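Undergrad: can't give you the sequence, but here's the structure:
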């Protein structure tokens with residue numbers, strides 16, 4: 001795509017859910033994925049600006065992001081590192097000392113949600129940081145009826161994997177309970193299943209059943225979460241527990257339950273795998289539900305992780321939830337996903353203590369995590385590259401896109417993350433090392449997605465979505481100068497943390513003479529008019545910056 005903005009363009013039970021800029025002389029190289037992307041119609045060329053080009057700005061943004069992500073990402077992108085940005089402090093210069101209250105709230109809403117609009121930032125800001133955390137955790141007190149009604153009105157086919165992805169992405173974009181959806185996404189990446197292995201098209205609803213279970217129990221005790229996922233129809237099929245028989249136990253689920261869900265390698269033996277496989281027999285899938293058959297349970301005496309007796313599935317979960325390795329394992333998963341990578345023992349200790357003292361309550365652990373000094377530290381701030389879902393949903397929300405989300409599943413897939421289809425039972429590697437979300441193809445898809453939002457809405461096939469109404473934003477917020485325009489958007493897109501050079505470049509692009517636009521010019525409240533494409537291009541450059549790519 002020619003990226004040019006100067007043209008218009010107790011034990012939980014399973015239930016069946018009944019829910020239904022400007023280009024330089026040489027064009028920017030296309031993404032390797034672009035040829036198969038129906039969401040990237042070409043934009044026409046336009047007259048280059050005088051003061052600053054999109055390529056110059058984009059080259060610095062691209063290389064800066066590469067340098068942050070590490071040598072592997074830099075090599076994959078092929079960018080020359082933005083040495084100035086990194087050598088002059090990079091992320092460390094975004095703020096010094098304790099976070100300001102507005103920065104802290106913005107950080108919270110990105111990490112415990114998917115970003116925020118100016119109105120949401122103001123609402124949460126009035127609550128103070130502790131009050132904002134309380135609102136996010138006590139989600140039951142916040143109505144989400146509007147989101148449910150909007151989804152219902154779309155009549156989405158929840159038997160289709162693509163529509164399932166669309167349904168969930170819109171939930172994330174429209175919800176008033178952002179941490180609940182963020183936690184559901186976390187659990188989906190840990191307690192994984194894929195629609196490719198749940199029994200075929202007639203069983204696709206099993207993924208929605210699992211998704212609703214993870215949402216309903218997102219902050220439950222780890223014991224109940226493990227009991228529920230053990231008896232979940234999608235999981236039973238995905239890891240073959242439904243094939244397990246008392247005289248021929250299948251070991252797949254038993255092994256992953258310890259290695260990837262609770263303990264990690266080094267805390268169990270092959271005998272523990274075999275014994276727990278026998279203990280877990282009895283569960284089978286029946287249609288869209290699961291059922292336990294005592295007559296198919298292996299009732300021989302077993303020895304599992306030092307415990308001996310006629311052990312059943314509830315005993316297995318109880319032993320695992322109380323194992324000394326488990327709080328460290330799950331705390332590391334949570335900390336890495338919500339705070340920063342490679343946490344130390346000291347980082348994790350408060351979460352581990354809360355897990356034990358609260359009776360394994362994940363809600364209590366999350367409160368400790370969000371209120372910890374580590375969460376609001378300089379080390380945590382913008383320390384992870386946004387995942388495809390975070391980037392897609394965050395931009396959709398921040399720009400106030402009013403669409404039906406038809407194109408969103410294809411966009412996240414092109415960026416490297418297909419909901420309801422993690423690459424394997426270990427989940428997405430990018431959840432563990434966020435630099436892995438980025439390569440040359442996914443980077444270009446990110447840029448093209450922003451281009452589409454600003455120029456054509458989401459350009460969905462089979463429907464149309466209006467582009468972002470920047471004139472309405474100008475009128476609503478009384479933006480009377482290019483400086484006010486840039487500062488307004490940078491305040492909630494990047495917490496206002498634009499270094500002086502980057503802000504000057506944005507203003508140079510906004511005000512450069514010679515641009516043309518097919519649309520009506522944008523009129524600032526002071527009366528001065530600017531080409532619509534130039535204004536959109538300024539937004540595009542801001543959202544392509546390293547600061548915006550980082551969470």
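TA: Yep, it's here. None of these values were measured; they are calculated from a predicted model. Numbers count the residues shown, from 1 in each chain.
Undergrad: Could you grab the helix/strand/coil label for the residue nearest to residue 279 when sequence neighbours are not counted?
TA: The spatial neighbour of residue 279 that comes closest, neighbours along the chain excluded (Cβ to Cβ, 6 or more residues apart in numbering), is residue 311 at 4.3 Å. (Each C-beta comes from the backbone N, C-alpha and C, glycine too.) Assigned with DSSP: H, G, I helix; E, B strand; the rest coil, residue 311 falls in the coil class.
Undergrad: The residue most central in space within the chain: what secondary structure?
TA: Residue closest to the mean C-alpha point of the chain, counted by Cα atoms, centre = their mean, is residue 390 at 3.3 Å. Following three-state DSSP, residue 390 is assigned to helix.
Undergrad: now it: how far from residue 246?
TA: According to Cβ to Cβ, to the nearest Å, residue 390 stands 44 Å off from residue 246.
Undergrad: Over to residue 332?
TA: Going from residue 332 to residue 246 by Cβ to Cβ gives 35 Å.
Undergrad: The two: which has the busier surroundings?
TA: residue 332 (19 against 16; other Cβ atoms under 10 Å).
Undergrad: Could I get the contacting residues of that one?
TA: 343, 348 (Cβ atoms under 8 Å, 6 or more residues apart in numbering).
Undergrad: Doesn't it belong to a helix?
TA: Yes. Judged by three-state DSSP, residue 332 forms part of a helix.
Undergrad: pLDDT score assigned to it?
TA: Model confidence at residue 332, given as pLDDT, is 98.
Undergrad: and if you look at the one 5 residues further on?
TA: Predicted confidence (pLDDT) for residue 337: 98.
Undergrad: so it is in which element?
TA: Assigned by DSSP states H and E, residue 337 belongs to helix 326-338.
Undergrad: Now do the buried residues in that helix.
TA: The neighbour-count check on helix 326-338 (16 or more other Cβ atoms under 10 Å) flags 326-338 as buried.
Undergrad: need those residues in CSV with distance to residue 111, can you?
TA: Listed next are these as CSV, based on distance: Cβ to Cβ, whole Å:
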residue, distance to residue 111
326, 24
327, 21
328, 21
329, 21
330, 18
331, 16
332, 16
333, 15
334, 11
335, 11
336, 12
337, 9
338, 6
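Undergrad: Among those residues, which pair sits farthest apart?
TA: The most widely separated members of the buried residues of helix 326-338, counting by Cβ to Cβ, are 326 and 338 (18.3 Å).
Undergrad: if we can go back for a sec, roughly how far apart are the residue nearest to the centre of the chain and residue 155?
TA: 27 Å.
Undergrad: Wait, residue 531 touches residue 521, no?
TA: Yes. The criterion here is Cβ atoms under 8 Å, and residue 531 meets it with residue 521 at 5.7 Å.
Undergrad: out of the two, which sits in the more crowded spot?
TA: Comparing residue 531 with residue 521 by other Cβ under 10 Å, the one with more neighbours is residue 531, at 27 against 17.
Undergrad: in this structure, what spans have low per-residue confidence?
TA: 1-99, 456-466, 514-518 (pLDDT under 70).
Undergrad: Which residue ranges of this structure form strands?
TA: With DSSP state E as the criterion, the chain has strands at 283-286, 289-292, 302-304, 307-309, 522-523, 529-530.
Undergrad: Among those, which comes closest to residue 322?
TA: Within the strands of the chain, the stretch nearest residue 322 is strand 307-309; the backing value is 10.1 Å (Cβ to Cβ).
Undergrad: what packs against the closest one?
TA: Judged by 3 or more Cβ pairs under 8 Å, 6 or more residues apart in numbering; DSSP states H and E, strand 307-309 is in contact with helix 313-322.
Undergrad: So what's the residue count around residue 308?
TA: Counted with other Cβ under 10 Å, the neighbours of residue 308 add up to 10.
Undergrad: I meant residue 475, not that one.
TA: Residue 475: 13 neighbours (other Cβ under 10 Å).
Undergrad: Now do the contacts for it.
TA: residue 525.
Undergrad: And it, how far from residue 395?
TA: Residue 475 is 22 Å from residue 395, by Cβ to Cβ.
Undergrad: do the same with residue 134
TA: Distance from residue 134 to residue 395, by Cβ to Cβ: 28 Å.
Undergrad: between these two, who's got more neighbours?
TA: residue 395 (24 against 15).
Undergrad: Next, find the distance separating residue 524 from residue 441.
TA: 37 Å.
Undergrad: How far away from the center of its chain is stretch 286-306?
TA: Counting by Cα atoms, centre = their mean, to the nearest Å, stretch 286-306 is centred 35 Å from the centre of its parent chain.
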